[in-house]
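1. no sequence on hand, only this structure:
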């Protein structure tokens, strides 16, 4: 990552002083989103890099940590996590922001992604498929049936 299109976040007086965007009209309650961004500090040693959502709805204001890591000044640090808006009553604000380093520590932000995850559980589907493949009958090198693993498989060709 070159950082040629990175935003410089500077002149912050609080750790939560940050860069972000209102997502109320972008994110749908109940849907899951993967949020990711790359952080790099400007001339400072290791410090926090955090992705947070400030959610205001009928139950009040909640600050939800989506992801966190430790940024440095010599490499880009990927911070990512999943977020599912869960709203009580009417949604007033859903503000996604990127924060973390100590006040006075400037940082670069680049490669921000907000992607809706599909409703299907791809991980479970993949694990089920792997399990089905593992349970298939194995075939011997001579074309004969060997059997299922742990189920009385023979070693070598028939009659050996």
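-> Thanks, I have it. Everything numeric here is computed off the predicted structure, so don't read it as measured data.
2. point out where this structure drops to low pLDDT.
-> Residue ranges of the chain with pLDDT under 70: 1-2, 120, 137-160.
3. again, only this time at 80
-> Scanning the chain with the threshold set as pLDDT under 80 gives 1-4, 15-17, 119-123, 125, 135-160.
4. that one: strands as residue ranges?
-> 7-9, 19-22, 33-41, 47-57, 60-71, 77-83, 93-99, 107-116, 138-139, 145-147 (DSSP state E).
5. now the ones you listed as a markdown table including distance to residue 131 and mean neighbour count?
-> Placement of C-beta: from N, CA and C, glycine included. Converted to a markdown table, the strands of the chain look like this (distance: least, C-beta to C-beta, whole Å; neighbours: other C-beta atoms under 10 Å):
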| stretch | distance to residue 131 | mean neighbour count |
| --- | --- | --- |
| strand 7-9 | 45 | 16 |
| strand 19-22 | 41 | 14 |
| strand 33-41 | 26 | 21 |
| strand 47-57 | 34 | 21 |
| strand 60-71 | 31 | 15 |
| strand 77-83 | 25 | 17 |
| strand 93-99 | 37 | 20 |
| strand 107-116 | 28 | 16 |
| strand 138-139 | 15 | 11 |
| strand 145-147 | 17 | 14 |
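6. and these: which comes nearest residue 122?
-> strand 33-41 (12.3 Å; C-beta to C-beta).
7. on that earlier part again, what's the closest of the strands of the chain to residue 127?
-> So among these, strand 77-83 is nearest, using C-beta to C-beta, at 18.4 Å.
8. all good on my end, thank you.
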